[in-house]
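Engineer: prediction below, plus the sequence it came from.
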Amino acid sequence: DQIKQNTRFLASPIRLRKYFPDNLVYGETYVPIKLRLKAYFSGFLKQPILASYIFIVNTYCRIKAVNAEKILNAKWPIAISTKALK
């Protein structure tokens, strides 16, 4: 579920660039490099294994988002309940 949600999140700016100017989309989705690196290093120092895993998952989602944007629509699959049904 995390990979699906993250892929949709990363595919959204790609889709928005079809309807809005690049500089507008970039300005609204840009995170400064200095802030991003600070967060990466801080997370890595606190939890190196978990931070490495998240970095790999996010990189995978970034690559997958390019293809996912082509099939992106407003319909989301129905979530299956985790509750025990009686």
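Structural biologist: Thanks, I have it. Residues are numbered from 1 along each chain as shown.

Engineer: need the contact partners of stretch 27-41.
Structural biologist: 13, 51, 55 (Cβ atoms under 8 Å, 6 or more residues apart in numbering). Any C-beta I mention is one placed from the backbone N, CA and C, and that applies to glycine too.

Engineer: could you flag which of these are buried?
Structural biologist: Buried subset of these (neighbour count, 16 or more other Cβ atoms under 10 Å): 13, 51.

Engineer: output the contacts of stretch 27-41 in a markdown table; the columns should cover distance to residue 38 and secondary structure.
Structural biologist: Formatted as a markdown table, the contacts of stretch 27-41 follow (distance: Cβ to Cβ, whole Å; DSSP: H, G, I helix; E, B strand; the rest coil):
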| residue | distance to residue 38 | secondary structure |
| --- | --- | --- |
| 13 | 22 | helix |
| 51 | 13 | helix |
| 55 | 15 | helix |
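
Engineer: between the contacts of stretch 27-41, which is closest to residue 4?
Structural biologist: residue 13 (17.0 Å; Cβ to Cβ).

Engineer: where does pLDDT dip in this protein?
Structural biologist: The model of the chain has pLDDT under 70 over residues 72-86.

Engineer: could I get the full set of strands for it?
Structural biologist: With DSSP state E, there are no strands along the chain.

Engineer: how close does the nearest residue in space to residue 15 that is not next to it in sequence get to residue 14?
Structural biologist: In this structure, residue 15 finds its nearest non-sequential neighbour in residue 69, 5.2 Å apart by Cβ to Cβ, 6 or more residues apart in numbering. Going from residue 69 to residue 14 by Cβ to Cβ, to the nearest Å gives 4 Å.

Engineer: can you check residue 33 too?
Structural biologist: Look at residue 33 and residue 14: by Cβ to Cβ, they are 20 Å apart.

Engineer: more neighbours: these two, which one.
Structural biologist: residue 14 (15 against 8; other Cβ atoms under 10 Å).

Engineer: quick check: that one touching residue 62?
Structural biologist: No - Residue 14 is not in contact with residue 62 according to Cβ atoms under 8 Å; the separation is 10.3 Å.
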